[in-house]
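1. build the 3D model from these lines:
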Amino acid sequence: DEDDDDEVESSVFGFAFSSAYDIPSFGALVDVKGNVIDHIRLPHFLRNLRPGSMVQISDRDRSLKQADVSLLRKFLIKYRPRAIAVGAESVSVLPAVDELRKIAGEVEEEGEVEIRVELVGDEVATIYESSRRAVEEFRDFPSKLRHAVSLARRLQDPMLEFAPLYSTEDELLAFKWHPLQDALSKEEVTRALTIEFVNRANEIGVDVNRCLQYPHTRHVLQFVCGLGPRKAAALLRHLKARNTLLENRTQLVTVCNMGPKVFINCAGFIRIDTSAISDNTEAYVEVLDGSRIHPETYEWARKMAVDALEYDETTDDANPAAALEEILESPDRLRDLDLDAFAEELERQGYGNKRTTLYDIRAELNNRYQDFRIQYQSPSQEEVFHILTKETPDTLYLGKLIQVKVTSIARRRPKTDQLDQANPSRIADTGLWQCPFCLADNFPELSEVWSHFDNKACAGQAVGVWTRLDNGLRGFIPVAKLSDSAVTNPEERVKPGMSVNGRITRVDIERMTVDLTTRSSDLADKNNEFAQPVDEYFNETAAEADREELVKSKQKRQPTVYVKRVIVHPAFHNITYKEAEKLLETMDQGEIIIRPSSKSMNNLTVTWKVTDNIYQHIDIREEGKNHAFSLGQSLWIGDEEFEDLDEIIARHVQPMASFARDVLAYKYFQPAEGGKTAILGELLAHEKARKPKQIPYI
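-> This next block holds a predicted model:
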């Protein structure tokens with residue numbers, strides 16, 4: 001009975017609720033072994049705790065809620081749990097957490113027992129509540145009650161709750177273990193998680209008998225060295241078929257038919273509660289089976305116990321087993337042992353260097369199966385922020401652009417002295433009076449404005465806009481940062497339910513809020529005021545090249561603008577370069593079209609036909625213009641000056657066209673579809689094959 005009382009006092013109360021108003025909340029009390037002692041249903045506990053609710057609670061709802069609070073208080077006083085585990089679904093749980101802490105504080109005053117309220121990640125519980133194993137274990141429980149059970153068990157021993165997720169369905173990969181996890185393959189992540197599970201399971205040991213008695217703990221057995229999922233399941237099936245517990249490690253071989261190699265690998269990590277076994281049997285119980293000491297070194301442990309107690313090994317009274325039990329009660333006597341000398345003796349006998357093993361044996365005899373895992377600590381405020389919002393400094397940071405939904409207008413009620421000095425104004429167009437604070441403008445008489453103040457109906461001056469982020473956080477936009485232009489009444493710009501784009505200017509993890517700006521200048525951020533700092537490995541040269549490439553690509557996508565010119569010349573046309581090329585398709589080689597330039601009003605372009613589908617575009621710079629649309633008095637191509645367009649045609653273009661005609665008429669000229677290298681290569685290869693002794697050229 002005393003053991004049962006201790007288990008209750010070491011119990012954890014899991015609390016689960018839904019954001020849906022009509023789904024009841026549930027609580028489950030779980031003892032140290034993971035068994036459900038009792039549970040409670042609270043359908044009205046969250047009546048006035050719905051986040052963002054502006055509706056006043058009715059007297060009936062208040063009465064129903066108070067009944068649930070009283071029921072929960074009696075439940076906690078009766079069982080006195082060590083902690084309350086609340087699922088950290090989102091920011092919406094915070095009002096419930098505050099309410100639970102208030103109730104826990106009242107229970108502490110009455111029962112003189114400390115009850116901690118802890119936020120626990122609910123990802124595992126969410127998977128568990130609808131899983132097949134949860135239905136098999138708690139078939140009659142609603143899903144939220146199963147959720148509460150998982151929360152309590154996770155707070156007690158996270159290893160036992162995570163182990164079942166290591167399955168063929170890859171449920172573990174659904175968790176975000178590291179920001180760079182997606183950079184690894186599925187196999188690499190699985191292998192890393194497997195190594196971690198194996199290390200932790202063998203570090204704390206696995207009680208096979210507990211896995212038999214409490215099936216929800218059996219999944220951790222697969223991580224014991226030498227077992228794996230199939231051997232672990234077979235071991236449990238064998239013991240269950242014989243309807244017996246594992247009384248000692250030797251039975252792994254004699255009863256469970258375990259092979260020698262598997263036994264050597266796993267024996268040191270199989271825990272046996274020797275005190276519980278000794279209560280149920282008259283046979284000798286090997287106390288070392290409840291330690292990390294491997295059966296191969298039991299004799300060394302007994303030898304250390306005999307030497308520490310200074311027994312005479314030559315007499316019949318020197319009982320190693322009795323010496324061992326005595327040394328477990330007084331482990332301080334092991335401190336004076338010369339383990340280095342013992343290690344030298346073992347090495348002389350051919351056992352190798354066992355110095356580290358001997359020191360480990362002494363440490364284990366001092367504290368058998370001590371749990372070296374880090375003691376649980378309540379999450380810090382930064383950790384709470386991450387648990388509730390699932391955000392990290394890499395995903396939520398100053399300067400980030402986000403879309404938020406407007407929930408309400410924030411107002412500040414006027415103080416008494418401000419009301420006394422208020423100066424209502426009359427609107428000229430309507431003749432109605434306007435409140436200087438809330439800007440209500442529907443008062444026919446001035447006296448009604450003062451009545452508006454006296455009745456405390458004035459909501460006050462608008463100071464900002466409250467919004468809601470996708471992660472549940474509240475966002476605040478001050479009036480000054482709502483727009484680049486002055487805003488007197490925010491309701492003229494935004495309405496509740498409207499989505500707006502904003503940039504984060506401050507993150508308050510204590511109040512779970514962010515400050516935003518929606519000014520167009522801040523959103524554009526042309527001066528890079530909100531640019532994120534780069535790390536020491538950032539390649540600024542490559543980034544600058546990317547920016548230049550982006551500018552060029554934007555320029556290419558922009559339509560080319562040509563300004564029509566007033567120029568009288570038979571070769572001039574107000575057309576684009578594509579239109580000029582299309583017009584030259586049917587014209588002879590060497591023909592010319594002069595057209596406006598896309599560069600500026602001070603440039604022209606000469607496009608002439610080199611040959612079919614090949615055209616050259618020559619830029620002409622104009623100087624000495626009378627007005628923007630006229631032709632310049634001097635024309636320049638590079639560093640060469642021309643008097644007019646005819647001189648350009650006669651002295652610059654026509655000579656090039658003549659040279660081009662000579663090349664086109666040459667006997668070895670080949671068009672090769674515009675000079676394609678592959679075609680030219682084929683022609684040269686063919687000519688070389690036809691005349692091997694000559695060196696062909698084109």
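2. where does the chain dip in pLDDT?
-> For the chain, residues meeting the criterion pLDDT under 70 lie at 1-9, 19-21, 48-57, 111-112, 168-169, 312-318, 557-561.
3. tell me where the longest strand sits in it.
-> Longest strand in the chain by number of residues, with DSSP state E as the criterion: strand 401-412.
4. what does the helix or strand following it rub up against?
-> Tracing the chain past strand 401-412, the next element assigned as helix or strand by DSSP states H and E is helix 416-420. Here helix 416-420 makes contact (CB atoms under 8 Å, 6 or more residues apart in numbering) with F437, F453. All C-beta spots, glycine's among them, are computed from the backbone N, C-alpha and C.
5. in stretch 197-204, what's buried?
-> By 16 or more other CB atoms under 10 Å, the buried positions in stretch 197-204 come out as F197, V198, R200, A201, N202, I204.
6. typo on my end, stretch 251-265
-> Buried residues in stretch 251-265, counted by 16+ other CB under 10 Å: Q251, L252, C256, M258, V262, F263.
7. widest-spaced pair of those residues?
-> The largest separation in the buried residues of stretch 251-265, counting by CB to CB, is between Q251 and V262 at 13.8 Å.
8. please save the CA atoms from stretch 213-228 in PDB.
-> C-alpha atoms of stretch 213-228 as PDB (Å, rounded to 0.1, in the frame of the first residue of the first chain):
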ATOM      1  CA  GLN A 213       3.900  -6.200 -17.600                       C
ATOM      2  CA  TYR A 214       3.400  -2.800 -19.300                       C
ATOM      3  CA  PRO A 215       3.200  -3.200 -23.100                       C
ATOM      4  CA  HIS A 216       3.500   0.500 -23.800                       C
ATOM      5  CA  THR A 217       7.200   0.300 -22.800                       C
ATOM      6  CA  ARG A 218       8.100  -2.700 -25.000                       C
ATOM      7  CA  HIS A 219       9.200  -0.700 -28.000                       C
ATOM      8  CA  VAL A 220      12.500   0.400 -26.300                       C
ATOM      9  CA  LEU A 221      13.700  -3.200 -26.100                       C
ATOM     10  CA  GLN A 222      14.500  -3.200 -29.800                       C
ATOM     11  CA  PHE A 223      17.400  -0.800 -29.200                       C
ATOM     12  CA  VAL A 224      19.300  -3.000 -26.800                       C
ATOM     13  CA  CYS A 225      22.600  -4.100 -28.400                       C
ATOM     14  CA  GLY A 226      22.400  -7.400 -30.100                       C
ATOM     15  CA  LEU A 227      18.600  -7.500 -30.400                       C
ATOM     16  CA  GLY A 228      16.800  -5.300 -32.900                       C
END
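9. just how off-centre is it within its chain?
-> Distance of stretch 213-228 from the chain centroid (CA atoms, centre = their mean, to the nearest Å) equals 30 Å.
10. all strands for the stretch 551-698 of the chain, in order.
-> Here the stretch 551-698 of the chain has its strands, by DSSP state E, counting those that start in this stretch, at 592-596, 603-611, 614-623, 634-637, 640-642.
11. which residue ranges form the strands in the stretch 51-200 of the chain?
-> Counting by DSSP E, counting those that start in this stretch, the strands of the stretch 51-200 of the chain are 83-87, 116-120.
12. quick one, which of those strands is packed in tightest?
-> Using mean count of other CB atoms under 10 Å, the stretch among those with the largest mean neighbour count is strand 83-87, at a mean of 26.
13. which elements pack onto that strand?
-> For strand 83-87, the packing partners by 3 or more CB pairs under 8 Å, 6 or more residues apart in numbering; DSSP states H and E come out as strand 12-16, helix 94-111, strand 116-120, helix 143-156.
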